[in-house]
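Colleague: here is the input, now give the coordinates:
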Amino acid sequence: MTMTDVNSARLTGFTGAEAMLRGAPRIVGVSTAVPGDSYSQDELLDIFRIEDPRIRSVFRNSAIQRRFLTLPPAAPGGGRTIETQGELLRKHAGNGLEMGARALQSCLKNIDAELSDVRYLCCVTSTGFLTPGFSAMLIRELDLDPHCARLDVVGMGCNAGLNGLTATASWARANPGDLAVLLCVEVCSAAYVMDGTIETSVVNSLFGDGAAAAAIVAEPDMSSTGPALLRFSSLIIPEAIDAMRYQWDDIQGKFSFFLDREVPYVIGANVETALGRLLAGTGLRRPDITHWLVHSGGKKVIDSVMINLALTRHDVRHTTTVLRDYGNLSSGSFLFSYDRLIEERSPRPGDYGVLMTMGPGSTIEMALIRW
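Modeller: Got it, this is the predicted structure:
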């Protein structure tokens, strides 16, 4: 019997299903954090004195109502100051540390755990570069155990939350009973360039600041609640490697994020292949998936995923409302959607779910979970 046959038998319940679930890492808690200030799209247009009708249309047709952001200080003559790359990096470090600490502490409180219980910390970010990274800074800031194992995933973009979850789940499986935490920290307002072009305006109209933490534990006796993380899949589309990129802008003297207008179609054209890889050998099909937690990448991206996977508006309700209320939160977006699903209390024992993120590469990451 091949490993594919074993996985198929285990997942579909023919043989050994309970044995597989017993050793699987589970998401036992989640929490999110955002800055104190939020802005509507019209408020942002006014604050930055944007009059170009093309850019105003981009903001107003984004399916976003509000975003939480840390804006630059007011300029003496009105408007906002232009931040240097150094100031943006300091914003990333300071705001990211504060949001990350709040998300982590809240997550632990929700599961009645202490800071001293954390044995592994994986921090994910793409909105700045730090050495040492957020994991080391949080260990010092929160007085975590200095022996805590850690990993910093930097620069992988919006898909990176699931890349980090893969590593976190693997550590939890190898260390049964020990608490592992995934922490996504994105200060997207530390990655904005205000140059009046359509290219940067698309980015500036879309992203918001936020952090999200997920607690992961593998309990052999299945005493932990929460969905089991059964398997992961990854698909990179090399021919679209330049469709999403974070690059140095010589004119502005800072990093700038670029999104190609073809991104929604690239993702849509490949998402069925990615799902097929995830479900291969499991005996499961799309109709067997009850819950879909898709990255809030933008209105066109969500629509493209819906069309190509034959999903309904109800299937992606949490994806679209997270986009509406927060914008694109990069790597942590799917955890904001997951948090809303848990608050809804709709999952039932035996339900299957798919976590899905998309980002630079171009990349589609997926995870199969079961309650």
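Colleague: hey, let's count contacts and neighbours off CA atoms from now on
Modeller: OK.
Colleague: using the centroid of this structure, identify the residue furthest from it.
Modeller: In the chain, Gly77 marks the outermost C-alpha relative to the chain mean, sitting 37.5 Å out by Cα atoms, centre = their mean.
Colleague: for Arg49, see how far away that residue is.
Modeller: Separation of Gly77 from Arg49 (Cα to Cα, to the nearest Å): 12 Å.
Colleague: domain map for this structure?
Modeller: Under the assignment automatic domain parsing, the domains of the chain span 31-218, 226-370.
Colleague: end to end, how far does the longest one reach?
Modeller: What that stands for is domain 31-218. 19 Å.
Colleague: picking that back up, tell me the secondary structure for the residue farthest from the centre of the chain?
Modeller: coil (DSSP: H, G, I helix; E, B strand; the rest coil).
Colleague: mind pulling up the pLDDT for it?
Modeller: What the model reports for Gly77 is a pLDDT of 80.
Colleague: JSON lines for the domains of the chain, including distance to Leu21?
Modeller: Formatted as JSON lines, the domains of the chain follow (distance: least, Cα to Cα, whole Å):
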{"stretch": "domain 31-218", "distance to Leu21": "9"}
{"stretch": "domain 226-370", "distance to Leu21": "7"}
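Colleague: so Gly161 makes contact with Val181?
Modeller: No. If you go by Cα atoms under 8 Å, Gly161 and Val181 don't touch, sitting 11.9 Å apart.
Colleague: so which of the two has more stuff around it?
Modeller: Gly161 (31 against 28; other Cα atoms under 10 Å).
Colleague: roughly how far apart are that one and Val153?
Modeller: Gly161 sits 9 Å away from Val153, going by Cα to Cα.
Colleague: now do Asp315
Modeller: In this structure, Asp315 and Val153 are 29 Å apart, going by Cα to Cα.
Colleague: and these two? Which one has more around it.
Modeller: Shown here are Asp315 and Val153; by other Cα under 10 Å, Val153 has more neighbours (20 against 17).
Colleague: assumed the more buried one was part of a strand.
Modeller: Yes. Checked against three-state DSSP, Val153 lies within a strand.
Colleague: so in terms of bridging, what pairs with it?
Modeller: Val124 (DSSP bridges).
Colleague: now the top helix by length along the chain: buried residues?
Modeller: When the chain is parsed with DSSP state H, its longest helix is helix 85-110. Buried residues in helix 85-110, counting neighbours by 16 or more other Cα atoms under 10 Å, are found at 85, 88-93, 95-108.
Colleague: neighbours around Ser189, how many?
Modeller: Applying other Cα under 10 Å, we find 20 residues neighbouring Ser189.
Colleague: my guess is it contacts Thr70, does it?
Modeller: Yes. With contact defined as Cα under 8 Å, Ser189 counts as touching Thr70 (6.1 Å).
Colleague: shared neighbours of the two, anything?
Modeller: Jointly contacting Ser189 and Thr70 under the rule Cα atoms under 8 Å, 6 or more residues apart in numbering are Asp209.
Colleague: list the residues that contact both of Gly161 and Val153?
Modeller: By Cα under 8 Å, 6+ apart, the residues touching both Gly161 and Val153 are Val124.
Colleague: show me the strands in the stretch 251-371 of the chain, by range?
Modeller: 254-259, 289-294, 352-359, 363-370 (DSSP state E, counting those that start in this stretch).
Colleague: how far off strand 352-359 does the first one point, in degrees?
Modeller: Think strand 254-259. With axes from the mean of the first three to the mean of the last three Cα atoms, to 10 degrees as the basis, strand 254-259 and strand 352-359 are set at 130 degrees to each other.
Colleague: for strand 254-259, which strands pair with it and how are they oriented?
Modeller: strand 244-249 (antiparallel).
Colleague: average model confidence for the partner strand?
Modeller: For strand 244-249, the per-residue pLDDT values average out at 85.
Colleague: show residues contacting stretch 95-105.
Modeller: By Cα under 8 Å, 6+ apart, the list of residues contacting stretch 95-105 reads 31-35, 115, 134, 137-138, 142, 183-187, 210-213.
Colleague: which among those residues count as buried?
Modeller: Burial by neighbour count, 16+ other Cα under 10 Å: within the contacts of stretch 95-105 this picks out 31-35, 134, 137-138, 183-187, 210-213.
Colleague: so which of those residues sit within strands?
Modeller: Under the assignment DSSP state E, the buried ones among the contacts of stretch 95-105 contribute 31-33, 183-186, 210-213 to strands.
Colleague: now distance to Gly359 and pLDDT too, for the residues you listed, in TSV please.
Modeller: TSV is the format used below for these (distance: Cα to Cα, whole Å; pLDDT from 0 to 100):
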residue	distance to Gly359	pLDDT
Ser31	22	98
Thr32	21	98
Ala33	22	98
Leu183	18	98
Cys184	14	98
Val185	16	98
Glu186	14	98
Gly210	17	98
Ala211	17	98
Ala212	18	98
Ala213	19	98
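Colleague: farthest-apart pair in these, please.
Modeller: Across these, the longest distance by Cα to Cα is 14.5 Å; it joins Ser31 and Glu186.
Colleague: neighbouring contacts of stretch 216-231?
Modeller: Counting contacts by Cα under 8 Å, 6+ apart, the residues outside stretch 216-231 that touch it are 21-29, 168-169, 172-173, 175-182, 278, 367-371.
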